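Trainee: Provided below for reference: sequence and predicted model.
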Amino acid sequence: MLIAELFTKKNSGEIARKRLKHLLTADRAGCSPELLDLIRADFLRSVSRYLEIDPGDVTLRILRTSSEQPAEVFPAVCASVPVLTLRSHLQHDIRLPI
(Lines give C-alpha, C1' and ligand atoms only; values in the text may rest on other atoms or scores of the structure.)
Protein backbone atom coordinates (compact mmCIF):
# COMPACT_ATOMS: atom_id res chain seq x y z
CA MET A 1 0.00 0.00 0.00
CA LEU A 2 1.32 3.40 -0.88
CA ILE A 3 1.55 6.10 1.75
CA ALA A 4 -0.48 8.42 -0.49
CA GLU A 5 -3.40 5.95 -0.41
CA LEU A 6 -3.64 6.35 3.35
CA PHE A 7 -4.20 10.08 3.13
CA THR A 8 -6.30 10.41 -0.01
CA LYS A 9 -10.01 10.83 0.44
CA LYS A 10 -12.24 8.66 -1.72
CA ASN A 11 -14.85 10.58 -3.63
CA SER A 12 -18.55 9.81 -3.33
CA GLY A 13 -18.76 8.52 -6.91
CA GLU A 14 -16.18 5.82 -6.21
CA ILE A 15 -17.98 4.78 -3.03
CA ALA A 16 -21.34 4.67 -4.86
CA ARG A 17 -19.86 2.51 -7.66
CA LYS A 18 -18.49 0.03 -5.11
CA ARG A 19 -21.85 -0.17 -3.34
CA LEU A 20 -23.72 -0.67 -6.61
CA LYS A 21 -21.26 -3.36 -7.70
CA HIS A 22 -21.76 -5.10 -4.35
CA LEU A 23 -25.56 -5.01 -4.72
CA LEU A 24 -25.44 -6.28 -8.31
CA THR A 25 -23.18 -9.16 -7.30
CA ALA A 26 -25.55 -10.08 -4.49
CA ASP A 27 -28.54 -9.92 -6.83
CA ARG A 28 -26.90 -12.14 -9.46
CA ALA A 29 -25.89 -14.66 -6.82
CA GLY A 30 -29.40 -14.77 -5.41
CA CYS A 31 -28.33 -13.83 -1.89
CA SER A 32 -28.37 -10.72 0.24
CA PRO A 33 -25.42 -8.33 0.58
CA GLU A 34 -25.29 -9.26 4.27
CA LEU A 35 -24.79 -12.94 3.37
CA LEU A 36 -22.02 -11.98 0.93
CA ASP A 37 -20.32 -10.01 3.71
CA LEU A 38 -20.51 -13.05 6.02
CA ILE A 39 -19.09 -15.33 3.31
CA ARG A 40 -16.24 -12.88 2.67
CA ALA A 41 -15.43 -12.55 6.39
CA ASP A 42 -15.40 -16.34 6.90
CA PHE A 43 -13.31 -16.83 3.75
CA LEU A 44 -10.72 -14.24 4.84
CA ARG A 45 -10.55 -15.70 8.35
CA SER A 46 -10.01 -19.23 7.00
CA VAL A 47 -7.41 -18.26 4.40
CA SER A 48 -5.54 -16.09 6.92
CA ARG A 49 -4.88 -19.14 9.08
CA TYR A 50 -2.59 -20.52 6.37
CA LEU A 51 -1.53 -17.49 4.33
CA GLU A 52 -0.51 -13.92 5.09
CA ILE A 53 -2.69 -11.76 2.85
CA ASP A 54 -3.75 -8.15 2.47
CA PRO A 55 -7.56 -8.33 2.89
CA GLY A 56 -7.95 -5.13 0.86
CA ASP A 57 -6.47 -6.84 -2.21
CA VAL A 58 -8.76 -9.89 -2.04
CA THR A 59 -11.52 -10.08 -4.65
CA LEU A 60 -14.38 -12.47 -3.93
CA ARG A 61 -17.21 -12.92 -6.43
CA ILE A 62 -20.13 -15.28 -6.69
CA LEU A 63 -20.83 -16.22 -10.29
CA ARG A 64 -23.50 -18.28 -11.94
CA THR A 65 -22.09 -21.24 -13.86
CA SER A 66 -23.94 -23.62 -16.11
CA SER A 67 -23.64 -27.37 -15.86
CA GLU A 68 -23.70 -30.04 -18.53
CA GLN A 69 -27.44 -30.36 -18.03
CA PRO A 70 -29.47 -27.78 -19.93
CA ALA A 71 -31.18 -25.09 -17.85
CA GLU A 72 -29.12 -25.90 -14.72
CA VAL A 73 -27.26 -22.96 -13.26
CA PHE A 74 -25.18 -23.17 -10.09
CA PRO A 75 -23.47 -20.49 -8.03
CA ALA A 76 -19.67 -20.63 -7.90
CA VAL A 77 -17.25 -18.67 -5.72
CA CYS A 78 -14.35 -17.07 -7.58
CA ALA A 79 -11.56 -15.63 -5.44
CA SER A 80 -8.41 -13.73 -6.27
CA VAL A 81 -6.06 -13.78 -3.26
CA PRO A 82 -2.58 -12.26 -3.62
CA VAL A 83 -0.41 -14.19 -1.14
CA LEU A 84 2.33 -12.38 0.79
CA THR A 85 3.60 -15.28 2.91
CA LEU A 86 2.86 -18.97 3.34
CA ARG A 87 2.38 -19.71 7.02
CA SER A 88 4.19 -22.78 8.30
CA HIS A 89 2.73 -23.94 11.60
CA LEU A 90 5.78 -26.11 12.29
CA GLN A 91 8.53 -23.69 11.27
CA HIS A 92 8.92 -20.01 10.46
CA ASP A 93 6.88 -18.27 7.77
CA ILE A 94 8.05 -18.77 4.20
CA ARG A 95 8.47 -15.49 2.25
CA LEU A 96 7.48 -15.57 -1.39
CA PRO A 97 9.57 -13.67 -3.95
CA ILE A 98 7.76 -10.65 -5.34
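Mentor: That came through fine.
Trainee: for Phe74, helix, strand, or coil?
Mentor: Under DSSP: H, G, I helix; E, B strand; the rest coil, Phe74 falls in the strand class.
Trainee: also the one 5 residues further on?
Mentor: The assignment at Ala79 comes out as strand when based on three-state DSSP.
Trainee: state the number of residues packed around Leu24.
Mentor: Neighbours of Leu24 under the rule other Cβ atoms under 10 Å: 10. (Each C-beta comes from the backbone N, C-alpha and C, glycine too.)
Trainee: separation between it and Thr65?
Mentor: 17 Å (Cβ to Cβ, to the nearest Å).
Trainee: same check, this time on Val77
Mentor: 10 Å.
Trainee: which stretches of the chain have low pLDDT?
Mentor: 1-10, 22, 25-30, 70, 89-98 (pLDDT under 70).
Trainee: could you pull out the helices for it?
Mentor: Secondary structure of the chain by DSSP state H: the helices cover 3-7, 12-29, 33-48.
Trainee: and stretch 37-47, which residues are buried?
Mentor: By 16 or more other Cβ atoms under 10 Å, the buried positions in stretch 37-47 come out as Arg40, Phe43, Val47.
Trainee: I'd assumed Leu63 was in contact with Val73.
Mentor: No - contact criterion Cβ atoms under 8 Å: Val73 and Leu63 do not qualify, at 9.9 Å.
Trainee: can I get the helices of the chain in a markdown table including distance to Pro55?
Mentor: Compiled in a markdown table, these are given as follows (distance: least, Cβ to Cβ, whole Å):
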| stretch | distance to Pro55 |
| --- | --- |
| helix 3-7 | 15 |
| helix 12-29 | 15 |
| helix 33-48 | 5 |
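Trainee: no further questions, thank you.
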